[in-house]
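Engineer: based on what follows, work out the 3D shape:
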Amino acid sequence: MAALQASSLFIPSSSSSSCSGGYSKGTVTASIQVPKLPKLSLADPSAVITKKLVEELSIRNGYAFAEPLHMGVAQKDRVLEPRLSPTSSVETTAKLYAILVAVEDRVEMHDNIGEQRDNWNKLLLNSVNMMTLTATTTAAMAVAAPAPSLRVCSALLFTAATGMSFVMSKIQPSQLAEEQRNASRLFKQLRSEIKSMLALQSPTKSDVKEMMEKVLALDRAYPLPLLGAMIEKFPAKFEPATWWPRVSSYRRQSRGRKTIANAERNGWSEDLEVEMRAIVQVLKRKDKQDYLRLGNLALKLNKTLAVSGPLLTGIAAAGSVFGGSTATMVAAIAGAMAAIVNGFEHGGQVGMVVEMYRNNAGFFGLMEETIKAMLEERDYNKRENGEMCEMKVAMKLGRSLSQLQDLARKSMASCIEGTEVDEFGSKLF
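Structural biologist: Below you'll find the predicted structure:
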């Protein structure tokens, strides 16, 4: 507290007090003395405690200050460096970075090849339709004015269109492009997952193994080459896509345990577990089954169109070869129908729709398998945090937490009453 001391106060006495309203000027002098504050140094106990507290908080968050605490004001923007945990090592982190580089390369490859195959679909469709329509016009002209040259040109164009239509129906360029788009999106998700792992936690050998398994599973699910490794475009049975490893890193590691040794529940409760099981039932009975049904319909339609297009152009080519007004008329009609079928199949990208349904059914299958595996894990420390899991499920389904809980209540009520849930689990697609 400052001390205020008056050094002098002079009020002169004037004999001429009879002067009208006259005042004599006085002088007031004051001095303020502020006690000097002690200088704060790192040697003081309080400063040492503060430094230790900051370092402890930094270590708990996985980071440490690169510079000591007594940096100058100009160096206040300190750089944070990752601090490796005892279970991590520089070699493990380097391996994870190598996997990240490979994932980045795969994203680029799938983007480029997907764009290329989308161009294939457009160019081949335009070429086939132009040849088919030109041959149809030529065949119609040959009916009105019979000429061998017109029939030969029509037959050649129909034959070429038949071959190209057969190739397009076999490889389904629109479906190939959709496969590469899905692969690129999934590799981008994996890239974000690896970056988050490197930034928020210290990677371990099991993390490296898990990331490698995910990369290889994606490679198997969405192959780049066409010959020998291409996904079957017309399978006997419609199956959802599978792009994840069948054995997860946390799955069923302690299935045989009868009791829970750890009292810490890691954000899980019995109500939350019941809610997750109810959500799984909705996804399995409503969303996944609906996409399997739609996928089967789209696959059957695509099979019919894939056979009809080359068959119609083949009939048109044969009609042009045999000649005669009736055969030429049949060729013209078949060519027109072939153009319609090819335009609907490849212009409408029915193959892409099949792949979209296949991927969506796989998405709900992955959610179902992941939640089940997490609930079967008896050690709560090996589970993901319960509140975080609930939030992720809600975001993936396009719902808020309250909407997710309402859906779980409807699912449980439907199981008790034996009725169907009146809505789908996902609001995104």
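
Engineer: give the contact list for the residue nearest to Val282 when sequence neighbours are not counted.
Structural biologist: Spatially, and ignoring its direct neighbours in sequence, Val282 is nearest to Gly425 (4.4 Å; CB to CB, 6 or more residues apart in numbering). C-beta: built from backbone N, CA, C; applies to glycine. Neighbouring residues of Gly425 by CB atoms under 8 Å, 6 or more residues apart in numbering: 279, 282-283, 286-287, 364, 397, 407.

Engineer: and Gly425, how far is that from Leu186?
Structural biologist: Distance of Gly425 to Leu186, given as CB to CB, to the nearest Å: 21 Å.

Engineer: go on, Leu375?
Structural biologist: Going from Leu375 to Leu186 by CB to CB gives 24 Å.

Engineer: who's more crowded, these two?
Structural biologist: Leu186 (23 against 17; other CB atoms under 10 Å).

Engineer: isn't that one up against Val215?
Structural biologist: No. Under the criterion of CB atoms under 8 Å, Leu186 makes no contact with Val215, lying 10.3 Å away.

Engineer: buried set for stretch 169-182?
Structural biologist: 169, 171-182 (16 or more other CB atoms under 10 Å).

Engineer: save the residues you listed as a markdown table, and put in distance to Gln349 and pLDDT too.
Structural biologist: Shown next, in a markdown table, are those (distance: CB to CB, whole Å; pLDDT from 0 to 100):
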| residue | distance to Gln349 | pLDDT |
| --- | --- | --- |
| Ser169 | 13 | 93 |
| Ile171 | 14 | 92 |
| Gln172 | 9 | 93 |
| Pro173 | 9 | 94 |
| Ser174 | 4 | 94 |
| Gln175 | 8 | 95 |
| Leu176 | 11 | 95 |
| Ala177 | 8 | 95 |
| Glu178 | 8 | 95 |
| Glu179 | 12 | 95 |
| Gln180 | 14 | 95 |
| Arg181 | 12 | 96 |
| Asn182 | 14 | 96 |
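
Engineer: any chance of the residues you listed in TSV, plus distance to Ser127?
Structural biologist: Below are these laid out as TSV (distance: CB to CB, whole Å):
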residue	distance to Ser127
Ser169	14
Ile171	15
Gln172	16
Pro173	12
Ser174	15
Gln175	19
Leu176	17
Ala177	17
Glu178	21
Glu179	22
Gln180	22
Arg181	23
Asn182	27
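
Engineer: quick check, nearest of those to Leu198?
Structural biologist: Nearest to Leu198 among the buried residues of stretch 169-182, counting by CB to CB, is Asn182 at 25.0 Å.

Engineer: contacting residues for the closest one?
Structural biologist: 222, 241, 355, 359.

Engineer: which one of these sits closest to Ala140?
Structural biologist: Glu355 (37.3 Å).

Engineer: give me the pLDDT for that closest one.
Structural biologist: On pLDDT, Glu355 comes in at 95.

Engineer: not counting its neighbours along the chain, what's nearest it?
Structural biologist: Closest to Glu355 by CB to CB, 6+ apart is Glu178, at 4.1 Å.

Engineer: which element follows the host helix or strand of the one you found toward the C-terminus?
Structural biologist: Under the criterion of DSSP states H and E, Glu178 resides in helix 173-200. Using DSSP H and E, the helix or strand that follows helix 173-200 in sequence is helix 205-221.

Engineer: in the very next helix or strand once past that next one, what counts as buried?
Structural biologist: Remark: after helix 205-221, the chain's next helix or strand is helix 270-282, criterion DSSP H and E. Within helix 270-282, the residues that count as buried by 16+ other CB under 10 Å are 272, 275-282.

Engineer: can you put these in JSON lines and add distance to Glu368 and pLDDT?
Structural biologist: Formatted as JSON lines, these follow (distance: CB to CB, whole Å; pLDDT from 0 to 100):
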{"residue": "Leu272", "distance to Glu368": "17", "pLDDT": "93"}
{"residue": "Glu275", "distance to Glu368": "15", "pLDDT": "94"}
{"residue": "Met276", "distance to Glu368": "11", "pLDDT": "94"}
{"residue": "Arg277", "distance to Glu368": "11", "pLDDT": "94"}
{"residue": "Ala278", "distance to Glu368": "12", "pLDDT": "94"}
{"residue": "Ile279", "distance to Glu368": "9", "pLDDT": "95"}
{"residue": "Val280", "distance to Glu368": "5", "pLDDT": "94"}
{"residue": "Gln281", "distance to Glu368": "9", "pLDDT": "93"}
{"residue": "Val282", "distance to Glu368": "10", "pLDDT": "93"}
